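Enquirer: based on what follows, work out the 3D shape:
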Amino acid sequence: MEKIWQFASYNLWLLFQPPVGREHFHCDMKRGFAKVRKKEPKVKALLEDNIPQRIGLLAQKGVYEFHENPEMFSREDGVEQIAEILQLNQELAEVQQRVLNILKNYHQHPFLLNKKIIKLSRGDEGFPEPILMEIGDSKFNFYAAIDCIFQESDGTLHILDFKTGKSDIDRRQGYLYLLAASYLYPQQKAVASFYNLETCEHSDPIIADADTLEAFAIEMEIIAKKHQEEKKSYYYHRQEFSKVFRQNPGIACSCCPFKTICKFSISEVSA
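Expert: Next comes the predicted model:
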């Protein structure tokens with residue numbers, strides 16, 4: 001069987017090109033740490049020590065457990081029971097408090113209750129099965145980790161992505177979910193939207209025609225090629241990490257998980 005090395009995903013695209021308005025927080029070196037040096041002990045530890053990601057994962061698990069145990073919606077101690085299943089008392093205080101508030105919100109406003117759920121992820125299943133995409137002579141694996149799919153009354157598939165905190169909505173992510181759906185469910189109409197589990201805000205649905213999805217597929221092909229080229233450059237010239245992955249010291253350092261190990265990091269930025 002042919003081994004496909006090239007791949008693309010929304011996460012990878014985000015590391016190449018930030019959303020509009022977030023350009024000043026972008027740094028290519030962050031992509032280098034996250035994608036080609038991720039197995040190094042110090043880098044791996046920093047990737048795992050991520051409070052926002054931990055909150056998002058536990059929030060996703062909480063929603064999953066509520067729907068696995070729907071009787072919890074009608075129990076006064078339903079939130080406490082789900083928190084116990086999640087072993088929330090073993091988490092950091094900040095994580096505990098925010099996830100507990102999310103569970104309380106969902107207990108009071110169960111967005112998916114009575115919806116025909118086709119798929120609901122726990123969030124810890126690992127990488128989804130890749131979608132093999134072929135564009136011209138190029139082949140690459142496309143990854144799309146979908147939180148939830150439910151079916152509308154008219155048969156439309158609704159792809160829902162859960163958000164937490166002040167996460168901005170990047171419509172590109174929604175279009176990529178629809179691209180994935182066009183391969184996974186080619187005969188069915190689909191829409192995509194976002195739901196914030198902390199604010200209980202639901203975005204407007206995103207729809208796309210065939211031409212739009214083709215444009216996003218081509219963009220994924222470009223990203224897959226760029227990433228493969230970068231990896232080759234780094235693996236053959238490891239001493240030139242900072243040349244392959246250019247640094248952007250300054251305000252970008254303030255929210256970078258690798259600032260403690262990056263020699264270009266600036267700890268304080270003048271106003």
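
Enquirer: which helix in this protein has the most residues?
Expert: What stands out as the longest helix in the chain, according to DSSP state H, is helix 210-236.

Enquirer: spatially nearest residue to residue 141, not counting backbone neighbours?
Expert: Once flanking residues are discounted, residue 141 sits nearest to residue 130: 3.5 Å by C-beta to C-beta, 6 or more residues apart in numbering. C-beta here means a position set from N, CA and C on the backbone, and glycine is covered the same way.

Enquirer: flag every buried residue along stretch 142-159.
Expert: For stretch 142-159, burial by neighbour count (16 or more other C-beta atoms under 10 Å) applies to 142-150, 157-159.

Enquirer: what segments of the protein are strands?
Expert: Here the chain has its strands, by DSSP state E, at 7-9, 116-120, 131-135, 138-143, 148-151, 157-163, 190-196.

Enquirer: walk me through which strands the first one pairs with, and which way each runs.
Expert: In other words, strand 7-9. With DSSP bridges as the test, strand 7-9 is paired with strand 138-143 (parallel).

Enquirer: from residue 104, how far out is the residue of the chain most remote from its centre?
Expert: In the chain, the greatest distance from the average C-alpha position (C-alpha atoms, centre = their mean) is reached by residue 76, at 32.3 Å. Distance, residue 76 to residue 104, by C-beta to C-beta, to the nearest Å: 12 Å.

Enquirer: residue 174 too?
Expert: 27 Å.

Enquirer: swap in residue 237?
Expert: According to C-beta to C-beta, residue 237 and residue 104 sit 52 Å apart.

Enquirer: same thing with residue 256?
Expert: As judged by C-beta to C-beta, residue 256 and residue 104 stand 32 Å apart.

Enquirer: residue 68 too?
Expert: Distance, residue 68 to residue 104, by C-beta to C-beta: 18 Å.

Enquirer: got it, and residue 173?
Expert: Relative to residue 104, residue 173 is positioned 27 Å away (criterion: C-beta to C-beta).

Enquirer: okay, the two: which has more neighbours?
Expert: Counted by other C-beta atoms under 10 Å, residue 173 and residue 104 do not tie: residue 173 has more neighbours, with 18 against 13.

Enquirer: need the contact list for the more buried one.
Expert: By C-beta atoms under 8 Å, 6 or more residues apart in numbering, the contact set of residue 173 is 10, 161, 194.

Enquirer: got a pLDDT number for residue 65?
Expert: Here, the pLDDT recorded for residue 65 equals 98.

Enquirer: farthest-apart pair in the buried residues of stretch 142-159, please.
Expert: The distance between the two most remote of the buried residues of stretch 142-159 (C-beta to C-beta) is 22.4 Å, for 142 and 150.

Enquirer: contacts for stretch 175-192?
Expert: Applying C-beta under 8 Å, 6+ apart, the external contacts of stretch 175-192 come out as 9-10, 13, 131, 133, 142, 144, 146, 149, 152, 155-161, 174, 205-208, 210, 212-213, 216-217, 220.

Enquirer: in that stretch, what counts as buried?
Expert: 175-182, 184, 190-192.

Enquirer: nearest to residue 87 among those residues?
Expert: Nearest to residue 87 out of these is residue 177 (C-beta to C-beta; 30.2 Å).

Enquirer: pull the contacting residues for the residue nearest to residue 230 when sequence neighbours are not counted.
Expert: Counting by C-beta to C-beta, 6+ apart, residue 230 lies nearest to residue 244, which is 6.0 Å off, once chain neighbours are set aside. Residue 244 makes contacts with 32, 230, 233-234, 237, as judged by C-beta under 8 Å, 6+ apart.

Enquirer: which of the contacts of residue 173 sits closest to residue 60?
Expert: Ranked by distance to residue 60 (C-beta to C-beta), these are led by residue 161 at 10.2 Å.

Enquirer: list the contacts of the closest one.
Expert: Taking C-beta under 8 Å, 6+ apart as the criterion, residue 161 is in contact with 146-148, 173-174, 177, 192-195.

Enquirer: repeat for residue 10
Expert: 144, 170, 172-173, 176.

Enquirer: just those residues: which are in helices?
Expert: Counting by DSSP H, the contacts of residue 10 place 172-173, 176 in helices.
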